[in-house]
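> This is a predicted model, with the sequence first.
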Amino acid sequence: MKYIILLGDGMADYPLKELGDTTPLQAAHTESMDSIAARGTLGMAQTIPEGLSPGSDIANLSILGYDPRRYITGRAVYEAASAGVKLTPRDVAFRCNLVTLGEQNNAAIMEDYSAGHISTDEAQPIILELDRRLGTDEIRFYPGVSYRHLMVWTEGIDTVATTPPHDISGKDIASYLPRGKGSDTLNRIMAEARAILQESPVNQERMAASKPPANAIWLWGQGKPINLPTFREKYGLNGSVISAVDLIKGIGITLGLSPVEVPGATGYLDTNYQGKAEHALKALEARDFVFVHVEAPDEASHSGSLANKIRAIEDFDRLVVRTVLEGLKRFPEYRVMVLPDHRTPIVRKTHTAEPVPFAFLSSNDLSKSPRKDAAFN
């Protein structure tokens, strides 16, 4: 038996007036996901346990069958695993976003949580410069992908209160800066980084090209290392993970899933959708299970772009889901599930904790007549 999960990050949403009170999933053309719903099982899943924040780490651990209430830690720990950064029990890992801050009414505003989706090639020298000038025996910076990077604080404090930058788009940052014990250190580092980034040749070039500069860093999502049972230990299955996002790749690595690198996978709207599907099918030849994650719908939601969200959903359906459904025919037995990890409503520009739709299809279901009224929405 082969198992595959196809996850469109943040696809679920709220009904929108401009879509005739339907959701983007309902409005988008999703022939392949609808075909899974028509022959298989369609339902709703609560991926965010009550009382926990609707983060992607929590939602994806839930989907993989790991209770976040038992294995909770900050998402930066998994991103460290993806980056190959070995954490000790003395370390606290922080997610380090490159962001763009603007000014409004003499206040600093979170203008862009991704610094205009700065490229990895541009971001790497910035992070390396920060490590050179701000790094110490206790503080180190590590480059990641695009705007997503890592800071590790040895003997650090993990109880400091931090806020995801995508939750405060367009807002005055003053009320959302790190708070509590340890916040003085983080706020000092963030302030010193702003001064360094003002001088960055990369930012000078970006501004000359009318692109948002990476003029600040934002520290959040902290945690200490944690031990989890591997996927094989828990389920008796070997597997792979496919994602351009360090968080998801790092969760997979932590669970013993082999990461599959896909050329052209970006974690954005221009990602190599079909390449992800083709690499997933190849991985299934040797593995029992593959987890395929596509970030694009979530990124469109965080930016508030309805057109881009529908485009991302349709590309996911046409290039990932359809390719996988066709390729699965080579395997005698399989089970495929498609779902988002959480809702990322356009009107909120951030994650919410309501249940999300899922559709599940087994090779045994192919003999069934499709239900004409079933759709993945």
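Ah, there it is. Numbers count the residues shown, from 1 in each chain.

> And the helix or strand that Asn187 is a member of, what does it pack against?
Using DSSP states H and E, Asn187 sits within helix 183-198. Secondary-structure packing of helix 183-198 (3 or more Cβ pairs under 8 Å, 6 or more residues apart in numbering; DSSP states H and E): helix 120-134, strand 216-223. Backbone N, C-alpha and C define where each C-beta goes, glycine included.

> Mind listing residues that contact it?
With contact meaning Cβ atoms under 8 Å, 6 or more residues apart in numbering, helix 183-198 is reached by 94, 101, 126, 129-130, 133-134, 139, 151, 153, 156-157, 160-162, 177-178, 203, 213-219.

> tell me the mean pLDDT over stretch 104-122?
Mean per-residue pLDDT for stretch 104-122: 94.

> follow-up on the earlier one: buried deepest among the helices and strands packed on helix 183-198, which one?
Ranked by mean neighbour count under mean count of other Cβ atoms under 10 Å, the helices and strands packed on helix 183-198 are led by strand 216-223, which reaches a mean of 25.

> Endpoint to endpoint, stretch 29-43 covers what distance?
Counting by Cα to Cα, to the nearest Å, you get 19 Å between the two ends of stretch 29-43.

> Now do it: distance to the chain's middle.
24 Å (Cα atoms, centre = their mean, to the nearest Å).

> I'd like the helices and strands packed on helix 183-198 as JSON lines, with distance to Asp317 appended.
Below are those laid out as JSON lines (distance: least, Cβ to Cβ, whole Å):
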{"stretch": "helix 120-134", "distance to Asp317": "27"}
{"stretch": "strand 216-223", "distance to Asp317": "30"}
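
> of all those, which lies closest to Ser243?
The closest of the helices and strands packed on helix 183-198 to Ser243 is helix 120-134. By Cβ to Cβ, the value is 14.8 Å.

> so that closest one versus helix 183-198, what angle?
For helix 120-134 against helix 183-198, the angle by axes from the mean of the first three to the mean of the last three Cα atoms, to 10 degrees is 120 degrees.

> now for helix 120-134, which elements pack on it?
Helix 120-134 packs on strand 91-104, strand 139-145, helix 183-198, helix 201-208, going by 3+ Cβ pairs under 8 Å, 6+ apart.

> Most tightly packed of those?
A comparison of the helices and strands packed on helix 120-134 by mean neighbour count, using mean count of other Cβ under 10 Å, puts strand 91-104 on top with a mean of 23.

> What residues of the helix or strand just after that strand count as buried?
Using DSSP H and E, the helix or strand that directly follows strand 91-104 along the chain is strand 107-112. Judged by neighbour count using 16 or more other Cβ atoms under 10 Å, the buried positions of strand 107-112 are 108-112.

> Among these, which one sits closest to Pro89?
Nearest to Pro89 among these, with distances taken as Cβ to Cβ, is Met110, at 33.0 Å.

> which ones are touching the closest residue in space to the closest one that isn't next to it in sequence?
Of all residues not flanking Met110 in the chain, Ile168 sits nearest, at 4.7 Å (Cβ to Cβ, 6 or more residues apart in numbering). By Cβ under 8 Å, 6+ apart, the contact list for Ile168 reads 110, 113, 176.

> ditto for Val347
By Cβ under 8 Å, 6+ apart, the residues touching Val347 are 14, 16.

> One more pass at 7 Å, please.
Residues in contact with Val347 (Cβ atoms under 7 Å, 6 or more residues apart in numbering) are Tyr14.

> State the helix or strand in which it lies.
Assessed by DSSP H and E, Val347 sits outside every helix and strand.

> gap between it and Ala59?
Relative to Ala59, Val347 is positioned 20 Å away (Cβ to Cβ, to the nearest Å).

> since we're on Ala12, how many residues are nearby?
For Ala12, the neighbour count with other Cβ atoms under 10 Å is 26.

> Report the separation between it and Lys211.
Ala12 is 31 Å from Lys211, by Cβ to Cβ.

> Pull the contacting residues for the closest residue to Met1 other than its chain neighbours.
Leaving out its chain neighbours, the residue that sits closest to Met1 by Cβ to Cβ, 6+ apart is Glu333, at 4.7 Å. Residues counted as contacts of Glu333 (Cβ under 7 Å, 6+ apart) are 1-2, 363.

> per-residue confidence for the closest residue to Ile127 other than its chain neighbours?
Leaving aside its chain neighbours, Ile127 sits nearest to Pro143 (4.2 Å; criterion: Cβ to Cβ, 6+ apart). Predicted confidence (pLDDT) for Pro143: 95.

> cool, Gly20 as well?
At Gly20, pLDDT is 96.

> do the same with Ala214
What the model reports for Ala214 is a pLDDT of 97.

> That one and Ile126 touch, don't they?
Yes - counting by Cβ atoms under 7 Å, Ala214 does reach Ile126; the two are 5.9 Å apart.
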